[in-house]
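> Sequence and computational prediction follow.
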Amino acid sequence: MFMLVIVLVIMGITLFWKNYQNEVIRWASYLAFVGMFGGIGALMGRGMNRPEWIKYADAFFTSTSHFLVPYTSLIFGLLYSGIIKQKKLKRICKILCFLPVIYMYFHIEYYPDFKVNFKIISTWAVPYMFTCISLLVYTVLKENNPILKQKKMLTCIYVIPMISMSMITNFILEAFGISGTWDFFNPLIIGVQFLLFVYYGIRYGILGVKIRIESDRSELMVKSAVSGTAVFNHTIKNEIAKIDYLIEQLEGKIVENDKEALNNMNLTKKSINHIMDLSTRVQSQLDVVDYKIDFFWINDVIEESILLLTPLLKEIIIHKDYKLDYKLKGDSVHFREMLLNILKNAIEAIKESGKITINVYRDKKYIYVDIIDTGTGISKENMSLVLNPFFSTKGKVDSYGLGLTYCFNVMQRLNGKLLIRSNLHNGTAVMLKFPIKRKIEFRSIA
């Protein structure tokens, strides 16, 4: 039982410390902590032959676990499913759902042993916990995005067995007079769940823990990567200025009816202007990337990015599925550069002919831009390294491995998320998630 307490403390602290600002994660940590209280109560034993303070401490810890595990389970399920959006309604639900807990505190025997009528407590505790389980399953079934669906499935695998076993052993069986099953089954289940927590947390991420750990590590790496920009930023600007001058000289020698040459020249000038605009936004003294807030339509920037990469497409088909167009508050220059990096990676991953699919859609919390290619994909061994600065799978001398690191940094500054899903030989999907609060307006697709 001591190990059960330690395991729940580790899980609770890990969840709370890594992402305490997220309300869903906070309630998941609360659930681990109140479950831990039950283990502490069990360690204090039973009967009259105990010091008085242990009897009262036992009453506190055991009652807290019995009453708050169902309550925190329900609130966690409601928040995780996202079925309640308004903050005021969330507060009302938390208060109303807490009323049975208050009632039970006035209808139990605390001293000398904690005693409760399990038939009464089961009338609300079992529905609370069953509702949580149902909501977790519902979030998986309603999710259409394969990346998010996998994340939510892992959460279900991790959380549901613990809540189910607690519901059965602590309430249902006790209500039917079958006692003692908790002492054996719950520590076993929680031990298994802890191993799953560690395994899936390291490999995939559960309840945001891996994402947060990688974010902290990646942020340090990004600082390391951008610190060298001052060295070559000035050189880039000088060389681009020379190229721009040469392009101006060549433009005057192109025959007016040579439309293809003129079109290529215009694309070259647009690329040069974009590089110069981006380069001037790198503050060499501070060694950080400068972000300037403006407003832009997502689909327009996507189309501009595709146009700039037209000479590289060759036999690659671009399939676009825009549900709507959204005007965002952000930085259009860095957003365009991020798209260029991701699209260029997709093009290079497709050896000859293939397809790149770009989806733009939203749900109640985020606006999504998915870029999916039919290229070579990324091996499992390399998936955990793709955001590392200077890591590249391309094997080219001129590939510096900074593209995805830069993209990650841009999404961090926009309070968004960058998710990557890939299998070797089965292509890669990059998802960009922008908070819905960045949306200024939207328009339908003509």
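That came through, no problem.
> Which positions in the lengthiest helix in the chain come out as buried?
In the chain, taking DSSP state H as the definition, the longest helix is helix 52-81. Within helix 52-81, the residues that count as buried by 16 or more other CB atoms under 10 Å are 55, 58-59, 61-81. For the C-beta atoms, the positions are set from N, CA and C on the backbone; glycine is no exception.
> now swap in stretch 426-436 and tell me
Buried residues in stretch 426-436 (16+ other CB under 10 Å): G427, T428, A429, V430, M431, L432, K433, F434.
> Mind putting the residues you listed into TSV with distance to M383 and secondary structure?
Shown next, in TSV, are these (distance: CB to CB, whole Å; DSSP: H, G, I helix; E, B strand; the rest coil):
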residue	distance to M383	secondary structure
G427	13	coil
T428	10	strand
A429	12	strand
V430	12	strand
M431	14	strand
L432	18	strand
K433	18	strand
F434	23	strand
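> Need the phi and psi values for the residue nearest to T428 when sequence neighbours are not counted.
Nearest residue to T428 in three dimensions, chain neighbours excluded: S422, at 3.9 Å (CB to CB, 6 or more residues apart in numbering). The phi and psi values for S422, taken as degrees, to the nearest 10, are phi -160, psi 150.
> separation between S422 and K351?
Going from S422 to K351 by CB to CB, to the nearest Å gives 16 Å.
> who has more neighbours, those two?
It is S422, of S422 and K351, that has more neighbours when counted by other CB atoms under 10 Å, with 21 against 8.
> okay, that one: pLDDT?
pLDDT, S422: 88.
> Likewise for the one 5 residues further on?
In this prediction, G427 carries a pLDDT score of 90.
> Now for it: which residues touch it?
Applying CB atoms under 8 Å, 6 or more residues apart in numbering, one finds that G427 lies in contact with A349, I372, D373, T374, G375, T376, G377.
> how close does it sit to C156?
Counting by CB to CB, the separation of G427 from C156 is 26 Å.
> same question, I95
Relative to C156, I95 is positioned 28 Å away (criterion: CB to CB).
> So for those two, which sits in the more crowded spot?
Counted by other CB under 10 Å, I95 and C156 do not tie: C156 has more neighbours, with 15 against 9.
> and S444, how many residues sit next to it?
Residues near S444, counting by other CB under 10 Å: 8.
> To clarify, my last question referred to E337.
Residues lying near E337 (other CB under 10 Å) number 22.
> Also T357?
17.
> Surely it touches V369?
No - applying CB atoms under 8 Å, one finds T357 not in contact with V369, separated by 11.3 Å.
> K119 belongs to a helix?
Yes - the assignment for K119 is a helix, going by DSSP: H, G, I helix; E, B strand; the rest coil.
> show me the contacts for it.
If you count contacts by CB under 8 Å, 6+ apart, K119 has them with A175.
> what pLDDT does it get?
pLDDT, K119: 89.
> likewise I147?
pLDDT recorded at I147 is 63.
> Quick one: find the helix or strand in the chain with the lowest mean pLDDT.
Every helix and strand in the chain was compared by mean pLDDT, DSSP states H and E; the lowest is helix 209-226, with a mean of 46.
> follow-up on the earlier one: turn the buried ones among the contacts of G427 into a named ChimeraX selection, would you?
Those of the contacts of G427 that count as buried under 16+ other CB under 10 Å are selected in ChimeraX with:
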select :349,372,373,374,375,376,377
